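Asks: Quick check, what structure comes out for this input:
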Amino acid sequence: MSERIHIETPNLPLKALKFKVRTFIDEKVIPAEAAYDKGGRDAEEILLDLQNLAKEEGLWALGLPREIGGGGLSFMDYVHINEIIGRSELAMFALGTHTAQDATMLNLYGTPEQKDKWLYPMVRGEINPSVGLTEPEVAGSDPTLIQTTAVLDGNEWVINGHKWFTTGANRAAFTSVFCVTEPEASRHRRASMIIVPTDTPGYEIVRVVPTMGHQHGGHCEIKLTNVRVPKGHLLGNRGEGFVIAQKRLGPGRIYHCMRWLGQAQRAFDLMCERSLKRYAHGSLLSEKQMIQKFIADSATEIQAARLMTLEAAKKIDQGEEARVEIAMIKVFGAKVLHDVIDRAIQVHGALGVTGDTPLEKMYREARYARIYDGPDEVHTASIARRILKSYKEGTGWNLEGINE
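Replies: Sure, this is the predicted structure:
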């Protein structure tokens, strides 16, 4: 059986733990960002050093259950921690939170053998996961259209398909492939999730897709040609692919939104600090009404997004689906992230578009937020559709909570 690590998480109140995480990120992670972003072997060593330090300080994989080697924080506590971690993209990898969605998925649906082979090593930080959902030939916003197939041949699945934006596949030990196994079933029961080791014959990384600001990132295009994996690599039951994907994506969207808040807060900090130091046209920028409005609007929007996200997280924590609330924060949170960073760049002027501050990278990354985990338009339509349905049924949908 695969060995599980035990992380001695500091026995601290949430506020103190947030401060400890914030201190670790500001003092250890952020100073390492520039060197890490250069890539290469030095980047690997920097990341490994940070991960070991995070484990020593009890800050590793805080949101995962203790029984699988995580820190054992409750869902709501981990939501709060994720906002702090969001201050730095590198922090996600340094503190072992980048595999949380996949680890949760495997913990919920994996067999004991699957957990030994992939879950526990992943939680220890020894291997990385990837997920094959999106396909270039069909709209990624409608997963019922996927064309990748898996056919059972004796005791093996034979998989054929074409995926892209399989993030991290070039570093991953396996890809959880979303594929059609029940072609005659209803549209949401056609797909299953099958674990495919990336060294399986027929598994080909065609290229790392060049994306905005990243010529050599981690968004991979892959082809699967007569890929054979054992029958036991099926995750969950046949036809449960949509259920499993939603279990992965729902809480994941909460985590994304909290990390976006961390990014927005960091941009906000930089904007305020710059406005207090930069002198132009007779006064500091902080004394100019237009800049004051940037600051006031940003503070208001960040707080609104934070409260909306925490409300959605509370409902998930109570066992509710919270689909409307999740869709709302996905759309609103992505806009807040973009707008706050945009204002911070404006306050920095020419400096803001250089690599001398993290803002230009943050701005590029923020643009992705309106697309991944479902584009804004799909979530917006879902919000309206679900609310209108409640009115058609005579129940209505309220914001006051009086029907709860």
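
Asks: Now do the spatially closest residue to residue 141 that is not a sequence neighbour against residue 268, distance only.
Replies: In this structure, residue 141 finds its nearest non-sequential neighbour in residue 378, 4.7 Å apart by CB to CB, 6 or more residues apart in numbering. For glycine as for every other residue, the C-beta is placed from the backbone atoms N, C-alpha and C. Taking CB to CB, to the nearest Å as the measure, residue 378 falls 29 Å from residue 268.

Asks: who's more crowded, the two?
Replies: residue 268 (21 against 17; other CB atoms under 10 Å).

Asks: So which elements touch the helix or strand hosting the residue nearest to residue 141?
Replies: For residue 378, the element it lies in under DSSP states H and E is helix 376-392. Helices and strands touching helix 376-392, as assessed by 3 or more CB pairs under 8 Å, 6 or more residues apart in numbering; DSSP states H and E, comprise helix 323-348.

Asks: any idea of the pLDDT on the residue nearest to residue 141?
Replies: In this prediction, residue 378 carries a pLDDT score of 92.

Asks: still on that earlier bit, could you pull out the buried residues of the helix holding residue 378?
Replies: If you call a residue buried by 16 or more other CB atoms under 10 Å, then helix 376-392 has these buried ones: 376, 378, 379, 382, 383.

Asks: what's the angle from it to helix 323-348?
Replies: Helix 376-392 and helix 323-348 meet at an angle of 140 degrees, taking axes from the mean of the first three to the mean of the last three CA atoms, to 10 degrees as the criterion.

Asks: Which residues does helix 376-392 contact?
Replies: Under the criterion CB atoms under 8 Å, 6 or more residues apart in numbering, residues 141, 323, 324, 327, 328, 330, 331, 334, 370, 396, 397 lie in contact with helix 376-392.

Asks: How many neighbouring residues does the fourth one have?
Replies: As a burial measure, residue 327 scores 23 neighbours (other CB under 10 Å).

Asks: Now do the residue nearest to it when sequence neighbours are not counted against residue 38, distance only.
Replies: Distances taken as CB to CB, 6+ apart put residue 379 closest to residue 327, at 4.0 Å, once the chain neighbours are dropped. In this view, residue 379 and residue 38 are 36 Å apart by CB to CB.

Asks: Pass me the low-pLDDT residue ranges in this structure, would you?
Replies: Along the chain, segments meeting pLDDT under 70 span 1-10, 214-216, 250, 399-404.

Asks: So which residue is dead centre in it?
Replies: By CA atoms, centre = their mean, the mean C-alpha position of the chain lies nearest to residue 256, the distance being 4.8 Å.

Asks: Quick check: phi and psi at that residue.
Replies: When quoted as degrees, to the nearest 10, the phi and psi of residue 256 stand at phi -60, psi -50.

Asks: could you list every residue that touches it?
Replies: Contact criterion CB under 8 Å, 6+ apart gives 330, 333, 369, 373 as the residues in contact with residue 256.

Asks: Over to residue 105?
Replies: Each residue near residue 105 by CB under 8 Å, 6+ apart is listed here: 176, 235, 244, 247, 248.

Asks: number of nearby residues for the residue nearest to residue 129 when sequence neighbours are not counted?
Replies: Counting by CB to CB, 6+ apart, the nearest residue to residue 129 once its immediate chain neighbours are dropped is residue 102, at 3.9 Å. For residue 102, the neighbour count with other CB under 10 Å is 23.

Asks: my guess is residue 102 meets residue 127, correct?
Replies: No: no contact is recorded between residue 102 and residue 127 when judged using CB atoms under 8 Å, the distance being 10.5 Å.

Asks: Show the contacting residues for the residue nearest to residue 129.
Replies: 122, 129, 131, 176, 248.
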